[in-house]
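Trainee: dropping a prediction and its sequence here:
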Amino acid sequence: MTDQENNRPLHLLRSQGWSFNRIAVEINISKPTLIKWSRQHQFEIANLRATETEGLAERVFRQRHERWEVLAAQLKRIEEEIEKRDLEEIPASRLHGIAAALRAEINRETGHVHFSEGTKTIPARNHL
């Protein structure tokens, strides 16, 4: 097999999280060679990994989005019920606690928004 023929499986398997030891056994190439190729093709592997992650996230996101919708609907119902009640009633304080717990759960679900770095930080190909 040529380097080019071996690189494609390396890219794919590394993007899926396979170890160099496992890949070496699978495609019968030495671990040092795989490490060298991995360094030479780090951006291709990273892009494949990002594509894999995006595909998984897309399948999961619908479920996450549905969970967010359910949490939002529950929170809305609780807050509407709170508006109907006298704040002096004990159940209202309990509803406030439930609403706070729902808000905390929504915050955990949505997490912290993180933006990637711009392309200016990617080294030129001739620096590899």
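Mentor: It's in. Not measured: the values here are computed from a predicted model.
Trainee: can you give me the helices for this protein?
Mentor: In the chain, the helices defined using DSSP state H lie at 3-15, 20-27, 31-40, 42-84, 90-110.
Trainee: make JSON lines from the ones you listed and add mean neighbour count to it.
Mentor: For every residue, glycine as well, the C-beta is placed using N, CA and C. Converted to JSON lines, the helices of the chain look like this (neighbours: other Cβ atoms under 10 Å):
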{"stretch": "helix 3-15", "mean neighbour count": "16"}
{"stretch": "helix 20-27", "mean neighbour count": "14"}
{"stretch": "helix 31-40", "mean neighbour count": "14"}
{"stretch": "helix 42-84", "mean neighbour count": "12"}
{"stretch": "helix 90-110", "mean neighbour count": "13"}
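Trainee: mean pLDDT added to those helices, as CSV?
Mentor: Shown next, in CSV, are the helices of the chain (pLDDT from 0 to 100):
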stretch, mean pLDDT
helix 3-15, 71
helix 20-27, 87
helix 31-40, 87
helix 42-84, 83
helix 90-110, 82
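Trainee: how close does Gly17 sit to Glu80?
Mentor: 46 Å (Cβ to Cβ, to the nearest Å).
Trainee: all set, thanks.
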